[in-house]
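A.B. asks: build me a structure from this.
(4 chains)
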2 protein chains.
Amino acid sequence: MFTEIDNYVAKCISLTENEKEYFHSLLNHQSVKKKTFLQQAGETCGFEAYIIKGCIKSYYIDENGSEVILHFAVENWWIGDIANFSGNKKSTLNLEALEDTELLVINIIDKEKLYEKVPKFERMFRLMIQRTHETMMNRLISTMAKPAEERYLEFISKYPSIPQRVPQHLIAAYLGISPEFLSKLKAKLTKKKS
Amino acid sequence: MFTEIDNYVAKCISLTENEKEYFHSLLNHQSVKKKTFLQQAGETCGFEAYIIKGCIKSYYIDENGSEVILHFAVENWWIGDIANFSGNKKSTLNLEALEDTELLVINIIDKEKLYEKVPKFERMFRLMIQRTHETMMNRLISTMAKPAEERYLEFISKYPSIPQRVPQHLIAAYLGISPEFLSKLKAKLTKKKS
DNA sequence: CGCGACGTTGATTTGCCTCAACGATTGTGG
DNA sequence: CCACAATCGTTGAGGCAAATCAACGTCGCG
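C.D. replies: Numbering: from 1, shown residues only, chains lettered A, B, ... in the order given. A predicted model of the protein is given here:
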């Protein structure tokens, strides 16, 4: 149960057996059935979760009612609600399982305790968020500067496994285009090839 | 010279006199004249800088040649190149002074030393990057889900001082719209009021 | 003074959206 | 096990937000 997450941690920092045990003791195993929510907008609980198996879609619904997808998080990713870290404002983030999913969850209180007892974890989570931030920035740049076709091609080459697990209209939402338009894009691309 | 940055640090962590002195010893004061670069795309030096006075524009030029502005960083902000942290790939980020600017710079090597000697700084930079990441996400969401007019209004209400220091076509670039279109937007808005 | 940087305005074009109708597939309750 | 409803993808017609191109006025500065 802990092998994957231990591998992940080991890539950033090295722990003693005691520290590892303490870390494990703060993690709660949780299963989430397909089409159910790990978190819904409006809840205030703060946590972070490591995905052992499955796929979670994290997305916002903004005031105008449009859905913006942040991630399709799969095995060996962290998900959580950044907004919940800094302030304690209500989250506007939704986390919904696209498949039956197994997670290891740490709540924000325990995470602070962890930082206190094993400060090395500050480093791990700093590195984690740095990487997330970096991908996010690249996405912002793509979104602002590149046409939909290019963004789509980038997406499938960066995440080749996602289109096989996730319905196409969600990929459209991720790219920020309408499902109809993505369909037309694909038609155009296959025509090009032939 | 260190009063502003010390205030910033104190909001996140508390330091002994010794730690503070060590921190100061790693900072290099640097002045950058208007219209010159603190960093240009292609350089590999990694650093992070705290702005004491002035204004820095950080932006990418993507393959298609279009400019995407990440920040207008002013007093009491950090700037740096995230991409340079994780990998050591060449940066694609440009940092250009829009005004004569005074900075405190720490290079990436010294920053690692700092982490080692005073692990508390892991926390400070984690919190810093969490906040940056949060604003970035909100911007991504706005960019994807909201029309230009709404984004413009958000911008001037969030950063009311920026339009007074920064030429309008750069604000257009920040918002991801053409300068002409921003001009037309403003015309429409002032007409609405009257 | 003259040049370059900046902002405005108008005409035209285009990337993408919305709406609507239609197959194909899946899954679920009777 | 079938029937019917969801869910999903495709295609076409029309519309709109924003880009592009071009011309022009204005200011600040060397």
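A.B. asks: can you list the buried residues in the longest helix along chain A?
C.D. replies: In chain A, taking DSSP state H as the definition, the longest helix is helix A:120-145. Across helix A:120-145, burial judged by 16 or more other Cβ atoms under 10 Å in any protein chain shown covers A:120-130, A:132-134, A:136-145. For the C-beta atoms, the positions are set from N, CA and C on the backbone; glycine is no exception.
A.B. asks: doesn't A:Glu96 make contact with A:Thr36?
C.D. replies: Yes - between A:Thr36 and A:Glu96 there is a contact at 7.3 Å, judged by Cβ atoms under 8 Å.
A.B. asks: of these two, who's got more company?
C.D. replies: Remark: of A:Thr36 and A:Glu96, A:Glu96 carries more neighbours, 18 against 13, as counted by other Cβ atoms under 10 Å in any protein chain shown.
A.B. asks: now that one: which helix or strand?
C.D. replies: strand A:93-97 (DSSP states H and E).
A.B. asks: show me what the following helix or strand past that strand is packed up against.
C.D. replies: Where DSSP H and E defines the elements, the next helix or strand beyond strand A:93-97 is strand A:101-107. For strand A:101-107, the elements it packs on are strand A:28-32, strand A:47-53, judged by 3 or more Cβ pairs under 8 Å, 6 or more residues apart in numbering or on different chains; DSSP states H and E.
A.B. asks: which of the residues in strand A:101-107 are buried?
C.D. replies: For strand A:101-107, burial by neighbour count (16+ other Cβ under 10 Å) applies to A:Thr101, A:Leu103, A:Leu104, A:Val105, A:Ile106, A:Asn107.
A.B. asks: okay, now the sheet partners of that strand, with direction.
C.D. replies: Sheet pairing for strand A:101-107, assigned by DSSP bridges, gives strand A:28-32 (antiparallel), strand A:47-53 (antiparallel).
A.B. asks: quick one: closest of those to DNA strand C.
C.D. replies: strand A:28-32 (16.2 Å; Cβ to the nearest atom of the strand).
A.B. asks: low-confidence ranges, chain A, go.
C.D. replies: Low-confidence segments of chain A (pLDDT under 70): A:42, A:44-45, A:82-91, A:192-194.
A.B. asks: one more pass at 80, please.
C.D. replies: Chain A contains residues with pLDDT under 80 at A:40-45, A:63-65, A:81-92, A:191-194.
A.B. asks: what residues does it have near DNA strand C?
C.D. replies: A:Pro147, A:Ala148, A:Glu149, A:Gly176, A:Ile177, A:Ser178, A:Glu180, A:Phe181 (Cβ under 7 Å from any atom of the strand).
A.B. asks: run the last query once more with 6 Å
C.D. replies: Within chain A, the positions near DNA strand C by Cβ under 6 Å from any atom of the strand are A:Pro147, A:Ala148, A:Glu149, A:Ile177, A:Ser178, A:Glu180, A:Phe181.
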